[in-house]
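S.K.: Here is the input, now give the coordinates:
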Amino acid sequence: IQSAIDDSHTTAGNTITVAAGTYTEDVTINKQLTILGAQNGISGCDLSRGTGESIIYPFTNNPSAGIVVKITANGIIFDGFTVDGTNISAEGIDASSGQANLDIRNNIVKNLPFAGIYLSNDATGTMTSGNKVRNNKIDNISPTTGFGIGVYTGNNTYTDIINNCMTNVRKGIQGGENFYLANTGNVSSVWSGNTISSYKIGIWNNLAYGSATPVTITGNTITTVTGSTINSGIEISSIQGTSGVTITNNNVTGAMAGINLWNNPTSITVTVSSTNTFTTCDYGVFANNYDGYNSDAASSSYIVDGCNIVSPNLAGVYVKDNSLNSNGATVSVVVQNYTKVNGTASGLKAFLVEGADASLSFSGAAPQATITGAPKYIVLQTNGTDVPAGNIDATQVIFDGFYGSGMGISTLFATEDKIDHKIDLATLGFVTD
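M.R.: Next up, the predicted model:
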């Protein structure tokens, strides 16, 4: 493959077609080319793809820094290969010097300790855009240790990540990382239609500030690798200044946290929209001031806007002021627009608020939320150092089919038994239902 690229007759705009077979070489694509493997045009996720692959194995044994396919030119199409790092190369496909208008599609990328596909501008951070990573299968990217990233985007390299399937990865998508320049035309990158089975994080949007254009995270399906107890389906962290993120229509199942929210002091409040569903997670929504990165967050506010939390194990919405936080950062969540928590797990708390710097409120048109089946409706509790003292108006929340105003005496008493607040401990805030 490298000989064909290097040939003096191969010029920008040419197409190289690679026959089925095995190729043990470290490939550098330094011209604007279309390079087609034997399975070009067929999604890496297509179960009918069959045999007859163009398989590239690494020539160099370098699991800490090796790259199987390195891209150094713009406008390249790389379509229809299997890139198998055999765990002796760090990355499968790397474009780390700020490439634009790449189309990496219909590939199988597997057996790599660092990253399957890596796009960034590591040297200068100059903004590039028009990149697409689509219809690739990414598998066995160091799920339990190290980095293990399916697709990475960093340093203002705007990339659409669409319709990929990822299995046995530590982190599915880690992107929008250290973005501070706006995309051309302020067009949002879209991460959509991906199916991801992750060990630690399914999709992680981390560190956007300055004039960074928001990412849209939509229509993704995320599950948890068997045996993991630490997986966050979606994690949003360090979105700052006037940057934002759009989160819609995602489905997360079996994670520690459906969505983990940490350190997002943006003026565009991070909102978890009504079309997101979190099923059988320990926590549907987990907003915290320390746990997301095991370090202090800045004060952050969030909106839970009608999302659907199904059969959570421990809490539907958990707002946590960790006693390890040392900077007094507050963390607050507003719940609105018929947010639904439905579950019966033993010990389940539909809404859990922990520590003095954590707060929860309900807002907007009724019903603001509905709780069905939970052993505990709303719990205010200590973090071991202090307690949440703010009052909560839950008069527009439906508790097992009833507003407080529509309950009889016996139902009111039963509801009170499912709320832990000032009546139970004088230093806690008061919940009005």
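
S.K.: The longest helix anywhere in the chain - contacts with which helices or strands?
M.R.: In the chain, taking DSSP state H as the definition, the longest helix is helix 409-416. If you count contacts as 3 or more Cβ pairs under 8 Å, 6 or more residues apart in numbering; DSSP states H and E, helix 409-416 packs onto no helix or strand. Using the backbone N, CA and C atoms, a C-beta is placed for each residue, glycine as well.

S.K.: Sheet partners, orientation included, of the helix or strand of the chain with the lowest mean pLDDT?
M.R.: Scoring the helices and strands of the chain by mean pLDDT, DSSP states H and E places strand 431-432 at the bottom, with a mean of 92. If you go by DSSP bridges, strand 431-432 pairs up with strand 392-393 (parallel).

S.K.: what's next to the strand it pairs with, contact-wise?
M.R.: Strand 392-393 is contacted by residues 353, 360-362, 378, 380, 421, 429-432 when judged by Cβ atoms under 8 Å, 6 or more residues apart in numbering.

S.K.: Please tell me how far Lys171 sits from Thr15.
M.R.: Going from Lys171 to Thr15 by Cβ to Cβ, to the nearest Å gives 34 Å.

S.K.: The two: which has the busier surroundings?
M.R.: The residue with more neighbours, out of Lys171 and Thr15, is Lys171; 28 against 11, by other Cβ atoms under 10 Å.

S.K.: Does anything pack onto the stretch of helix or strand that one belongs to? Which helices or strands?
M.R.: Per DSSP states H and E: Lys171 is located in strand 165-177. Packing partners of strand 165-177 (3+ Cβ pairs under 8 Å, 6+ apart): strand 137-141, strand 149-154, strand 157-162, strand 195-208.

S.K.: could you show me where the strands are in the stretch 151-300 of the chain, in order?
M.R.: Assigned by DSSP state E, counting those that start in this stretch, the strands in the stretch 151-300 of the chain fall at 157-162, 165-177, 190-192, 195-208, 215-218, 221-224, 232-239, 245-248, 251-253, 257-262, 270-272, 277-279, 283-288, 300-305.

S.K.: I'd like those strands as CSV, with distance to Thr28 and mean pLDDT appended.
M.R.: Output for the strands of the stretch 151-300 of the chain, formatted as CSV (distance: least, Cβ to Cβ, whole Å; pLDDT from 0 to 100):
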stretch, distance to Thr28, mean pLDDT
strand 157-162, 18, 97
strand 165-177, 24, 98
strand 190-192, 28, 98
strand 195-208, 29, 98
strand 215-218, 29, 98
strand 221-224, 34, 98
strand 232-239, 33, 98
strand 245-248, 34, 97
strand 251-253, 38, 98
strand 257-262, 38, 98
strand 270-272, 40, 98
strand 277-279, 43, 98
strand 283-288, 43, 98
strand 300-305, 43, 98
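
S.K.: wait, which of those is closest to Asp139?
M.R.: Evaluated with Cβ to Cβ, the strands of the stretch 151-300 of the chain place strand 165-177 nearest to Asp139, the distance being 4.9 Å.

S.K.: Alright, that wraps it up for me.
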